[in-house]
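Colleague: Here's a sequence, model it:
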Amino acid sequence: MAVMTLDGGCWATVEVGDASQVGAARRLATRTAQIAALGDVERGRFELAAVELATNVLRHAARGSIYMRASGDVVDVVVIDHGPGMDLERCFSDGYSTGGTPGTGLGAVRRAADLFDAYSDARGSVLFARIGHESGPRRGSIAVRS
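Modeller: The predicted model follows:
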């Protein structure tokens with residue numbers, strides 16, 4: 001795990017390249033949620049998002065980076081991978097899977113997030129999820145692009 005400061009915020013990162021980093025991502029999500037003093041439900045939503053996103057990096061892209069930040073009572077997770085890209089519309093539909101799984105992971109992350117965005121092309125994917133009490137629309141700013 002590494003920590004870096006950007007734009008006045010402190011971001012921690014986990015590089016995902018093997019199964020052990022999925023657990024590292026979950027532990028970092030727990031610590032990040034504690035720093036933000038999230039309640040149990042929101043902490044659980046954030047941990048779910050971190051684990052699902054880390055698992056997807058490992059399963060579909062082989063390597064990538066997960067960045068997490070606590071700011072007030074809000075937590076953010078950003079995932080950048082170098083995989084083959086994905087059809088976002090299909091991948092966020094429950095039941096669609098290219099890996100022989102139930103196909104509910106990315107949809108669960110999107111539903112768990114208060115704010116969500118995603119971009120994917122042949123160079124890889126970037127996904128963003130925010131969970132917390134920040135004022136503004138819940139899930140109203142979801143944009144899925146490919």
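
Colleague: Could you pull up the mean pLDDT of the helix or strand hosting Val75?
Modeller: Using DSSP states H and E, Val75 maps to strand 74-81. For strand 74-81, the per-residue pLDDT values average out at 95.

Colleague: Quick check: neighbours of it in the sheet, parallel or antiparallel?
Modeller: Under the criterion DSSP bridges, strand 74-81 sits next to strand 64-71 (antiparallel), strand 124-132 (antiparallel) in its sheet.

Colleague: Turn the ones you listed into CSV, including mean pLDDT and distance to Asp117.
Modeller: Where you see a C-beta, it was placed from the backbone N, CA and C, and this is true even at glycine. CSV is the format used below for the strands paired with strand 74-81 (pLDDT from 0 to 100; distance: least, CB to CB, whole Å):
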stretch, mean pLDDT, distance to Asp117
strand 64-71, 93, 14
strand 124-132, 93, 5
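
Colleague: got a markdown table for the ones you listed, with mean neighbour count and distance to Arg90 too?
Modeller: As requested, those are arranged in a markdown table below (neighbours: other CB atoms under 10 Å; distance: least, CB to CB, whole Å):
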| stretch | mean neighbour count | distance to Arg90 |
| --- | --- | --- |
| strand 64-71 | 21 | 20 |
| strand 124-132 | 22 | 13 |
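
Colleague: In JSON lines: those strands, plus distance to Ala108.
Modeller: Conversion of the strands paired with strand 74-81 to JSON lines gives the following (distance: least, CB to CB, whole Å):
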{"stretch": "strand 64-71", "distance to Ala108": "16"}
{"stretch": "strand 124-132", "distance to Ala108": "11"}
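
Colleague: neighbours around Ala113, how many?
Modeller: By other CB atoms under 10 Å, the residues close to Ala113 number 24.

Colleague: Might you report the residue contacts of the closest residue to it other than its chain neighbours?
Modeller: What sits nearest to Ala113 in space, not counting adjacent residues and going by CB to CB, 6 or more residues apart in numbering, is Ala129, at 3.9 Å. Neighbouring residues of Ala129 by CB atoms under 8 Å, 6 or more residues apart in numbering: Ala49, Leu53, Asp76, Val77, Val109, Arg110, Ala112, Ala113, Leu115, Phe116.
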